[in-house]
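*Asks:* Here's my sequence, what's the structure:
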Amino acid sequence: MRIATWNVNSITARLPRLLAWLESSGTDVLCLQEAKIAEAQFPFDELREAGYEAAVHATGRWNGVAVLSRVGLEDVVKGLPGDPGYEGVQEPRAISATCGPVRVWSVYVPNGREVEHPHYAYKLQWFEALRAAVESDASGDRPFAVMGDYNVAPTDDDVYDRAAFEGATHVTPAERAALASLRGTGLSDVVPRPLKYDHPYTYWDYRQLCFPKNRGMRIDLVYGNEPFAKAVTDSYVDREERKGKGASDHAPVVVDLEL
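*Replies:* Numbers count the residues shown, from 1 in each chain. This is a model prediction of the structure:
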């Protein structure tokens, strides 16, 4: 079984690439982030023609998450239970579903913006709600994973230059403590292998030639419980999909399972 997570940074802009990648990669289940589309406009028909069902939680031009599956799609839950909301709004940042033998969450963790910004506090509160929401599944016997754009680099090795992020979000002790707390539920970090260079970065800014210079970050993560982690036979970052015109600024993270 092959599952993956990918921040597509607008499914409308990326649809031809997405459909081509699904076919070429042989992915069974894909967790999507930053769909940036209203659910009514989501390309259900095109994905159905490609053999995929879709569960979607999206409201418009910002955020939006989905789970695509060709191995079944059941017990869909839209939204994060206990979501603290931001400025009175619960944003579409989480969706979960059972796909064959595996249950997955697709998550798009709040960015945080700046350490002193209210969005940073919201980010930490959102992590607390996520931990509470996944605790039961994380400790269960069914293979389970929380996949997506976490907007946190777990270690200093997960950014191209730690000094470049001094005083910024994504690398703070509080954010990394939130990741550690999530792992404390029984989840572990399924670290992918890079297809090029030494570090499995998953995101490269569009600006300042970050991709050709490999100035990246590993912020797209797969956190799986013990049954999930034991079933992993391979995992990699599909860096090729970051190349070329019209690419997302994130690459897919692919995980192969023997179940």
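*Asks:* So the residue nearest the centre of the chain: helix, strand or coil?
*Replies:* The chain has Gly148 as the residue nearest its centroid, 1.0 Å off, counting by CA atoms, centre = their mean. With DSSP: H, G, I helix; E, B strand; the rest coil as the basis, Gly148 sits in strand.
*Asks:* from memory it sits against Val107, does it?
*Replies:* Yes - the criterion here is CB atoms under 8 Å, and Gly148 meets it with Val107 at 3.8 Å. Any C-beta I mention is one placed from the backbone N, CA and C, and that applies to glycine too.
*Asks:* overlap in contacts of the two?
*Replies:* Taking CB atoms under 8 Å, 6 or more residues apart in numbering as the contact rule, Gly148 and Val107 both touch Gln33, Val65.
*Asks:* Show me what stretch 120-131 is in contact with.
*Replies:* In contact with stretch 120-131 (CB under 8 Å, 6+ apart) are residues 80-86, 93-94, 107, 109-114, 146, 151, 169, 174-175, 178-179, 181-182, 184-185.
*Asks:* For the longest helix along the chain, the averaged confidence score.
*Replies:* Counting residues, the longest helix in the chain under DSSP state H turns out to be helix 118-138. The pLDDT scores in helix 118-138 average 98.
*Asks:* Distance from the chain centre to that helix, please.
*Replies:* 15 Å (CA atoms, centre = their mean, to the nearest Å).
*Asks:* Equivalent analysis for stretch 84-92, please.
*Replies:* For stretch 84-92 - counting by CA atoms, centre = their mean - the centre lies 19 Å from the chain centre.
*Asks:* Could you do stretch 32-39 as well?
*Replies:* Using CA atoms, centre = their mean, the offset of stretch 32-39 from its chain centre is 12 Å.
*Asks:* mind exporting that stretch as PDB, just the C-alpha atoms?
*Replies:* The C-alpha trace of stretch 32-39 is given here as PDB (Å, rounded to 0.1, in the frame of the first residue of the first chain):
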ATOM      1  CA  LEU A  32      -3.700  17.000   0.600                       C
ATOM      2  CA  GLN A  33      -3.200  20.400   2.200                       C
ATOM      3  CA  GLU A  34      -3.800  24.000   1.000                       C
ATOM      4  CA  ALA A  35      -6.500  23.000  -1.400                       C
ATOM      5  CA  LYS A  36      -7.500  26.700  -1.600                       C
ATOM      6  CA  ILE A  37     -10.900  26.000  -3.100                       C
ATOM      7  CA  ALA A  38     -14.500  25.800  -2.000                       C
ATOM      8  CA  GLU A  39     -15.800  22.300  -1.500                       C
END
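*Asks:* For that stretch, what does the pLDDT average out to?
*Replies:* On average, stretch 32-39 scores 98.
*Asks:* I'm done for today, thanks for sticking with me.
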